[in-house]
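Asker: Quick one: sequence and predicted model below, then my questions.
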Amino acid sequence: MYRSTDINNFRPPSAVERELISELTAAEFPGRAEVIKQLQQCVVRLIDEDGSLEIGVPHAMAAPVLHRVPTELYGPDVDGVQISVLLHVVDGVCREIEIYKVDGTTIQRMPAIWHRFIPGPDETE
């Protein structure tokens, strides 16, 4: 949960960020319903140039996720290099949406169509 002293640094997600959140939660995974509830009331703040977000969730009910990253999106940038978007859940609470390009170069344009990866119950992190 975010500290009340940090609240001024957080803001509601933008329309584009809400679309990304919707994509991240579109597929079924353990704890999805609780994650959706957390993300509906979340506030965010930008933490890097790629658009990664720290997530603040007031009064969160812990999500029974199986993995720290219960869902991931991936797709190609215009140069064909993969962009990944990971939702991080720590102790049942959404903490971060990490966005990065796998070769470390600057993201030129987010994919129009995302692929999803949902780890199975027997996959280790």
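Answerer: Okay, I see it.

Asker: Do a quick rundown of the helices in this protein.
Answerer: 15-24, 32-40 (DSSP state H).

Asker: now, of those helices, which is deepest in the fold?
Answerer: The highest mean neighbour count among the helices of the chain, using mean count of other CB atoms under 10 Å, belongs to helix 32-40: a mean of 18. From N, CA and C alone the C-beta is placed, and that goes for glycine too.

Asker: The helices of the chain: which one's closest to K101?
Answerer: helix 15-24 (15.1 Å; CB to CB).

Asker: relative to helix 32-40, how tilted is the closest one?
Answerer: 170 degrees (axes from the mean of the first three to the mean of the last three CA atoms, to 10 degrees).

Asker: I'd like the helices of the chain as TSV, with distance to P119 and mean pLDDT appended.
Answerer: Output for the helices of the chain, formatted as TSV (distance: least, CB to CB, whole Å; pLDDT from 0 to 100):
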stretch	distance to P119	mean pLDDT
helix 15-24	14	96
helix 32-40	13	96
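
Asker: what about the strands in the protein?
Answerer: 43-46, 53-56, 71-76, 82-90, 93-101, 115-117 (DSSP state E).

Asker: buried stuff in the last one?
Answerer: Judged by neighbour count (16 or more other CB atoms under 10 Å), strand 115-117 contains no buried residues.
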